[in-house]
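Trainee: sequence and predicted structure are below.
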Amino acid sequence: MSGYGGRRTQAERDVITVEIGYALCSALFAAAVLFGAVAGPALLFELPDLAEKSLLRAGLALAPVVFVVRVVSVLLRLRRGAQPSQPGRTKPDS
């Protein structure tokens with residue numbers, strides 16, 4: 001944002017929109033991969049009923065958690081990067 005409490009420029013709004021889209025897409029991919037890794041064997045192979053149900057339930061429980069954690073971590077990274085830790089300094093070693 002330009003200044004404190006000021007309006008965001010179009011470029012800043014575009015960056016936020018792209019980051020939100022990236023957060024959602026990458027979170028969806030991570031959740032799908034995790035679900036496939038956990039519940040995939042139950043869907044592909046003939047397993048005992050208890051193992052099949054347990055793997056499916058574990059996949060269905062873990063996938064949304066991974067989705068939310070990924071979205072939050074990407075959006076918090078965006079928020080942290082908005083303000084420099086040492087205003088006025090442009091190089092990390094200065």
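Mentor: Thanks, I have the structure now. Numbers count the residues shown, from 1 in each chain.
Trainee: what about the helices in the chain?
Mentor: 10-44, 49-80 (DSSP state H).
Trainee: buried ones in the longest one?
Mentor: In other words, helix 10-44. Neighbour-count burial for helix 10-44 flags 19, 23, 27, 30-31, 34-35, 38-39, 42 (criterion: 16 or more other C-beta atoms under 10 Å). To be clear about C-beta, it is placed using only N, CA and C from the backbone, and glycine gets the same treatment.
Trainee: packing partners for it?
Mentor: Judged by 3 or more C-beta pairs under 8 Å, 6 or more residues apart in numbering; DSSP states H and E, helix 10-44 is in contact with helix 49-80.
Trainee: can you give me the mean pLDDT across the helix it packs on?
Mentor: If you average the pLDDT over helix 49-80, you get 93.
Trainee: quick one: buried residues of that helix?
Mentor: 52, 55, 59, 62-63, 66-67, 70-71, 74-75, 78.
Trainee: and that helix, how far out from the chain's middle?
Mentor: 10 Å (C-alpha atoms, centre = their mean, to the nearest Å).
Trainee: elements contacting that helix?
Mentor: helix 10-44.
Trainee: if I pick the residue of the chain most remote from its centre, what's in contact with it?
Mentor: Distance from the C-alpha centroid of the chain, by C-alpha atoms, centre = their mean, peaks at P48 (33.8 Å). P48 sits next to no residue when contact means C-beta atoms under 8 Å, 6 or more residues apart in numbering.
Trainee: for it, what are phi and psi?
Mentor: The phi and psi values for P48, taken as degrees, to the nearest 10, are phi -60, psi 150.
Trainee: and V65, how far is that from A27?
Mentor: Distance of V65 to A27, given as C-beta to C-beta, to the nearest Å: 11 Å.
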